[in-house]
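Enquirer: I would like to see how this sequence folds:
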Amino acid sequence: MEENLASLSIEDVEEEAFKVPSDLLESEDEYALCLVGKFLTSTVIHFLAMRNTLADLWHPLGGISITDLGEKRICFRFYTEVDLNRVLEGCPWFFNGHLLLLRRLDKGEDPLHVPLELASFWVQIHNLPAGLMSEGMAKQFGKFIGQFIKYDSKLLITGRKQYMRIKAAFPINTVKTEEKD
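Expert: Okay, the predicted model is just below:
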């Protein structure tokens, strides 16, 4: 063991940290691979704590930049499509008990004017007859309770048909009401 330790050396040169490839940074669209978000709360969110918590929680392989855009809007810039999709698939996200509304930015959209009024949740529907456990019925249920996003067909493959899982988006009323003195 002493021989192994003797061969170790300490250099004054540090290794370079992981850097995002320059071709990803120089995208023609400033908001490519970006999500814009807003917390559903009237209280102040501590930006640094939120940024560190979500970056640690999401742990994107390609990295992430989280920027306060003002007007209670936050830009989450990812550097790989996989990381962005993983975060969207994991919705809903919360910080300190406050719901984070997220929306992917399309090319040319202004992140300060993108409507943030939908929150997606997984919903379970129990006690359905076997004949109603189909994707067509899932879409109808999804449209009835909100906006249908997707159906969890893994339950059919594994043979566990005790309930149906649907991911749907629900409108969130984000209109401010006047506070009374």
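Enquirer: only C-alpha atoms for contact and neighbour calcs from this point on.
Expert: Noted.
Enquirer: which residues of this structure score low on pLDDT?
Expert: 1-30, 155-161, 174-181 (pLDDT under 70).
Enquirer: Where does the record place the domain boundaries for it?
Expert: By the record's domain assignment, the chain is partitioned as 22-115, 119-171 (automatic domain parsing).
Enquirer: Could you dump those domains into CSV and include mean neighbour count?
Expert: Rendered in CSV, the data for the domains of the chain read as follows (neighbours: other Cα atoms under 10 Å):
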stretch, mean neighbour count
domain 22-115, 15
domain 119-171, 15
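Enquirer: Make sure A55 is indeed in a helix.
Expert: Yes - per DSSP: H, G, I helix; E, B strand; the rest coil, A55 lies within a helix segment.
Enquirer: can you pull out the helices in the chain?
Expert: For the chain, applying DSSP state H gives helices covering 2-6, 22-25, 47-58, 81-89, 135-145, 154-158.
Enquirer: Can you give me the separation between V36 and I145?
Expert: 25 Å (Cα to Cα, to the nearest Å).
Enquirer: who's in contact with the closest residue to L84 other than its chain neighbours?
Expert: Taking Cα to Cα, 6 or more residues apart in numbering, and ignoring the residues beside it in sequence, L84 has F78 as its nearest neighbour in space, at 6.0 Å. By Cα atoms under 8 Å, 6 or more residues apart in numbering, F78 lies in contact with L33, C34, P60, G62, G63, I64, S65, L84.
Enquirer: hmm, 6 Å instead?
Expert: Residues in contact with F78 (Cα atoms under 6 Å, 6 or more residues apart in numbering) are L33, I64, L84.
Enquirer: related to what we said a few turns ago, of the helices of the chain, which is nearest L105?
Expert: helix 81-89 (11.3 Å; Cα to Cα).
Enquirer: okay, the closest one in CSV with CA atoms only?
Expert: What follows is helix 81-89 as a C-alpha-only set of coordinates in CSV (Å, rounded to 0.1, in the frame of the first residue of the first chain):
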residue,chain,number,x,y,z
GLU,A,81,-33.4,17.3,-25.2
VAL,A,82,-33.3,14.2,-22.9
ASP,A,83,-32.9,16.4,-19.8
LEU,A,84,-35.7,18.7,-20.8
ASN,A,85,-38.1,15.9,-21.6
ARG,A,86,-37.2,14.1,-18.3
VAL,A,87,-38.2,17.2,-16.3
LEU,A,88,-41.5,17.6,-18.3
GLU,A,89,-42.3,13.9,-17.8
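Enquirer: quick one: contacts of it?
Expert: Identification of contacts with helix 81-89 by Cα under 6 Å, 6+ apart yields P60, F78.
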